[in-house]
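Trainee: need coordinates for the following:
(one chain, ligands or ions: 1)
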Amino acid sequence: MKKQVYLDYSATTPVKDAVLKKMLPYFTQSFGNPSSLYTIGQESKQAIEEAREQVAALIGANPKEIFFTSSGTEADNWAVIEAAEANVKKGKHVITTAIEHHALLHSGAYLEKKGFQVTYLGVDSEGMIRLEELENAITEGTTLISVMFANNEIGAIQPVKEIAEIAKRHKILFHTDAVQALGNVPIDVRELGVDLLSVSGHKIYGPKGIGALFVRKGVVLPSHLHGGAQENKKRAGTENLPGIVGFGAAAELARTGIGEHISRVSGLRDYFLEQVEARIQDIRINGSRERRLPGNANITFEFIEGEALLLLLDLDGIAVSTGSACSSASLTPSHVLTALGIPAEMIHGSLRFTVGDFTTKEDLDYTVECLVKNVEKLRGISSVSKEKGW
Ligand SMILES: *Cc1c(COP(=O)(O)O)cnc(C)c1O
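Mentor: Take a look at the predicted model:
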């Protein structure tokens, strides 16, 4: 069988066996509606509350502050749109960043269409926002700041605690998209002082189609789905029972294994970067060396097209990404790398490699060999085309 190497853990992760095992009974035997009063309904309800505790424990929250959603995207939309709309009496200004996930950027665009003003903060060459720029952007009418915890393309980790302090000083709500940070960075919502925080199951070895929003006690956030009394009357719709159970199980594994996960994955990532730097010339590592997610490596290979390299790697059984999964079907340069000030032609030669719990050193050695071979091939073609004036 052809070798398969998956290096796109930031796009999604496989469900761990222990997680799947916990989920399975909830499709068939323990399928009761959690809102039903008889025994199998109440057993479902109990399973949901256990998962709520597990997700809460991973971020230092009270279980009552966790509301399950269909995805990280839904959590982002709910937090940002409803928090902005609930505070229109105070003002119609929201501050976010230019490097957010589309779940956030497109919620911002929606708010702009509805008459809100949205400021998109720029970042430095390492992908970090500047705190004084944030503070300067605040106006009388600012009601919400939303800055992602960790970026999905370059892995940059923002100074969340400092941002929360600024928001608090100005009495502004603070939301953070922690979908990439979850399980990869220790998170304690109390210590950080965030008001709203989005997470998702499928980025931490749980199932797809399940997310959650942390809403700090005391924060007023209206519902955005209207129906039954699920999720403490905050988020209507019959619960995704197996998904919630799986998210809980994955959160539990992430919490107990976070130290080992971070050291193992970052060690493999550093090994990979060393090998690539030693073996391939004219490359550039994008983003910060220190303040970045453990598994993330974003590399520009000069003089070649990232898409072409991605396809050649795919032929070798290696799965990587150009920019983020959402922009992988389009040729517009990544908005994140653009915000870092990287020129368009360099962006087109950039690939994102994300290492995870099932990655081995052998996978990375194989990937480096294939990179050396394919980069050489593509650079050969491009130098021929240059000579012939194509
Ligand atoms: C994946 C991701 C999302 C979206 O989460 P889904 O559960 O896939 O909708 C949002 N923000 C970031 C930073 C992500 O990486």
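Trainee: what sits against the residue in the chain that the ligand sits nearest to?
Mentor: Closest contact between the chain and the ligand, by C-beta to the nearest ligand atom, is at Gly72 (2.6 Å). C-beta: built from backbone N, CA, C; applies to glycine. Neighbouring residues of Gly72 by C-beta atoms under 8 Å, 6 or more residues apart in numbering: 101, 103, 177, 179, 198-200, 203, 211.
Trainee: restrict these to those near the ligand?
Mentor: Applying C-beta under 6 Å from any ligand atom to the contacts of Gly72, one finds that 101, 103, 177, 179, 200, 203, 211 fall near the ligand.
Trainee: taking these one by one, which sit in strands?
Mentor: 177, 200, 211 (DSSP state E).
Trainee: the last one: how many residues sit nearby?
Mentor: If I follow you right, that is Gly211. Gly211 has 29 neighbours, counted by other C-beta atoms under 10 Å.
Trainee: report the beta-bridge partner residues of it.
Mentor: On the basis of DSSP bridges, Gly211 is bridged to Thr69, Ser200.
Trainee: ok, the residue nearest to the spatial centre of the chain - contacts?
Mentor: Centroid check for the chain by C-alpha atoms, centre = their mean gives Gln180 as the closest residue, at 3.1 Å. Contact partners of Gln180, counting by C-beta under 8 Å, 6+ apart, are 10, 148-152, 155, 203, 293.
Trainee: can you list the residues of the stretch 201-350 of the chain near the ligand?
Mentor: 202-203, 211.
Trainee: now distance to Trp78 and pLDDT too, for the contacts of Gly72, in CSV please.
Mentor: Shown next, in CSV, are the contacts of Gly72 (distance: C-beta to C-beta, whole Å; pLDDT from 0 to 100):
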residue, distance to Trp78, pLDDT
His101, 14, 97
Ala103, 10, 98
Asp177, 12, 98
Val179, 14, 98
Ser198, 8, 98
Val199, 13, 98
Ser200, 13, 98
Lys203, 18, 98
Gly211, 10, 98
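Trainee: can I get those residues in a markdown table with distance to Glu231?
Mentor: Listed next are the contacts of Gly72 as a markdown table, based on distance: C-beta to C-beta, whole Å:
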| residue | distance to Glu231 |
| --- | --- |
| His101 | 23 |
| Ala103 | 19 |
| Asp177 | 20 |
| Val179 | 19 |
| Ser198 | 15 |
| Val199 | 15 |
| Ser200 | 16 |
| Lys203 | 21 |
| Gly211 | 12 |
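Trainee: ok, these vs Val336, which is closest?
Mentor: His101 (9.3 Å; C-beta to C-beta).
Trainee: near the closest one, how many other residues are there?
Mentor: Neighbour tally, His101, other C-beta under 10 Å: 22.
Trainee: just use 50 as the starting number from now, easier for me
Mentor: Let's use 50 as the start, then, which means that last one is His150.
Trainee: quick one, helices of the stretch 150-299 of the chain?
Mentor: 151-162, 180-186, 209-218, 238-241, 279-282, 290-328 (DSSP state H, counting those that start in this stretch).
Trainee: could you say which of those is packed most deeply?
Mentor: helix 290-328 (a mean of 19; mean count of other C-beta atoms under 10 Å).
Trainee: ranges for the strands of the protein?
Mentor: Using DSSP E, strands in the chain cover 54-55, 115-118, 142-146, 166-170, 191-195, 222-226, 245-249, 260-264, 332-334, 345-350, 367-368, 399-403.
Trainee: in stretch 347-360, what counts as buried?
Mentor: For stretch 347-360, the neighbour count (16 or more other C-beta atoms under 10 Å) marks 347-351, 353-355, 357-359 as buried.
Trainee: adding pLDDT, write the residues you listed out as CSV.
Mentor: Compiled in CSV, the buried residues of stretch 347-360 are given as follows (pLDDT from 0 to 100):
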residue, pLDDT
Asn347, 97
Ile348, 97
Thr349, 96
Phe350, 97
Glu351, 96
Ile353, 93
Glu354, 93
Gly355, 94
Ala357, 95
Leu358, 96
Leu359, 96
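Trainee: show me the two of those residues that sit farthest apart.
Mentor: Greatest spatial distance among the buried residues of stretch 347-360 (C-beta to C-beta): Asn347 and Ala357, at 17.5 Å.
Trainee: wait, isn't Leu342 in contact with Glu202?
Mentor: No. Counting by C-beta atoms under 8 Å, Leu342 sits too far from Glu202 to count as a contact (10.3 Å).
Trainee: next, the distance between the ends of stretch 98-118.
Mentor: Start to finish, the residues bounding stretch 98-118 are 14 Å apart (C-alpha to C-alpha, to the nearest Å).
Trainee: now do it: everything it contacts.
Mentor: Looking at what lies outside stretch 98-118 - C-beta under 8 Å, 6+ apart - the contacts are 97, 124, 127, 227, 231-232, 236-240, 246, 248, 259-266, 280-281, 283-284, 288-289, 293-294, 296-298, 300-301, 303-304.
Trainee: for the record, mean pLDDT for it?
Mentor: Averaging pLDDT along stretch 98-118 gives 98.
Trainee: so which bits of it are buried?
Mentor: 100-108, 110, 114-118.
Trainee: which two of those have the greatest separation?
Mentor: Ala106 and Thr118 (18.5 Å).
Trainee: what does the stretch 100-249 of the chain put close to the ligand?
Mentor: So the stretch 100-249 of the chain meets the ligand at 120-122, 125, 150, 152, 197, 201, 226, 228-229, 249 (C-beta under 6 Å from any ligand atom).
Trainee: contacts only, for the residue nearest to Glu184 when sequence neighbours are not counted.
Mentor: Excluding the flanking residues, the one nearest Glu184 by C-beta to C-beta, 6 or more residues apart in numbering is Ile215, at 5.6 Å. By C-beta under 8 Å, 6+ apart, the contact set of Ile215 is 180, 183-184, 187, 194.
Trainee: could you rerun that using 7 Å?
Mentor: Counting by C-beta atoms under 7 Å, 6 or more residues apart in numbering, Ile215 makes contact with 180, 183-184.
Trainee: separation between it and Ile221?
Mentor: Computed as C-beta to C-beta, to the nearest Å, the Ile215 to Ile221 distance reads 8 Å.
Trainee: one more: Lys252?
Mentor: For Lys252, the distance to Ile221 - C-beta to C-beta - is 27 Å.
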